[in-house]
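A.B. asks: A structural model of the following input is requested.
(one chain, ligands or ions: 1)
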Amino acid sequence: MKTTGGSEEAKRRAGERAAELVKDGTVVGLGTGSTAAHAIRALGQRVEAGLDIRGVPTSYQSADLAREVGIPLTTLDDALPDLAIDGADQIVGFDLIKGGGAAHAREKLVDSAAERFVVVADPSKEVEEFDGPVPLEVLPSARRPVAEALEGLGGTPELRAAERKDGPVVTDNGNLVFDCEFGRIAEPADLADDLASIPGALEHGLFVGLADTILVGTHDRVEE
Ligand code: 5RP
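C.D. replies: Alright, predicted model coming up:
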């Protein structure tokens, strides 16, 4: 499972605290990444103890883990999540950069459809101002025009390469991912609007105004 660094213990605390928020009889959005995976495992234990929930996965990775730990799955066609639990790559206030696991398109869909979106993270994710690359899921045929549009916005896009084989990362939806450097991002909402207007760029990783609760685990507690 891809991990973007930070203490595993801190991630586990945050994930487990988020899992405690889930109520019986509800539908839960299941995020992607190593911190969300801790929440999924904790939910699996609660299901084993009798909790009745259904999960809406945000990736094959979260679906497979949910099946492994016994969480019944559903889709957005059948139920909207009461609560979604998901990780983040950078956090400024309640805004996020996501997509380190190339799952941000489905994550944004599920997280924004949820009544409450709870972010789980370790302290390394909290920053004063966004300065990390913004992931974008891009139609394979739109690679060149999207790259040119991103350069026109002052960005430096790089096609995400697969770690274990030659060639690019391919998302669960069959698309490519650009990681686009913009330096420090002073106005994330404006950049989000610009990125959303690029034809062929299906979804970007700026999550502006979507999170309701941020749970940051540390070595001995969870801060909200
Ligand atoms: C996947 C994501 C992840 O939630 C994000 O990359 C955080 O991952 P981790 O919890 O492993 O640090 O956005 O697309």
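
A.B. asks: for the biggest helix by length in the chain, buried residues please.
C.D. replies: Ranked by number of residues, the top helix in the chain under DSSP state H is helix 34-48. By 16 or more other Cβ atoms under 10 Å, the buried positions in helix 34-48 come out as 34-44, 46-47. Backbone N, C-alpha and C define where each C-beta goes, glycine included.

A.B. asks: next: stretch 7-23.
C.D. replies: Within stretch 7-23, the residues that qualify as buried by neighbour count (16+ other Cβ under 10 Å) are Ala10, Lys11, Arg12, Arg13, Ala14, Gly15, Glu16, Arg17, Ala18, Ala19, Leu21, Val22.

A.B. asks: what kind of secondary structure is the third one in?
C.D. replies: Taken by DSSP: H, G, I helix; E, B strand; the rest coil, the conformation at Arg12 corresponds to helix.

A.B. asks: do you know how far it is from the ligand?
C.D. replies: Here the criterion is Cβ to the nearest ligand atom, to the nearest Å. By it, Arg12 lies 11 Å from the ligand.

A.B. asks: how does this protein divide into domains?
C.D. replies: Annotated domains of the chain cover 8-124+209-220, 133-202 [the TED database].

A.B. asks: comparing these, which comes out most buried?
C.D. replies: domain 8-124+209-220 (a mean of 21; mean count of other Cβ atoms under 10 Å).

A.B. asks: strand partners (parallel or antiparallel) of the least confident helix or strand in the chain by mean pLDDT?
C.D. replies: Within the chain, no helix or strand scores below strand 222-223, which has a mean of 93 by mean pLDDT, DSSP states H and E. Strand 222-223 has its sheet partners listed here by DSSP bridges as strand 213-217 (antiparallel).

A.B. asks: what about the strand it pairs with, near the ligand?
C.D. replies: No - using Cβ under 6 Å from any ligand atom, strand 213-217 stays clear of the ligand, coming no nearer than 10.7 Å.
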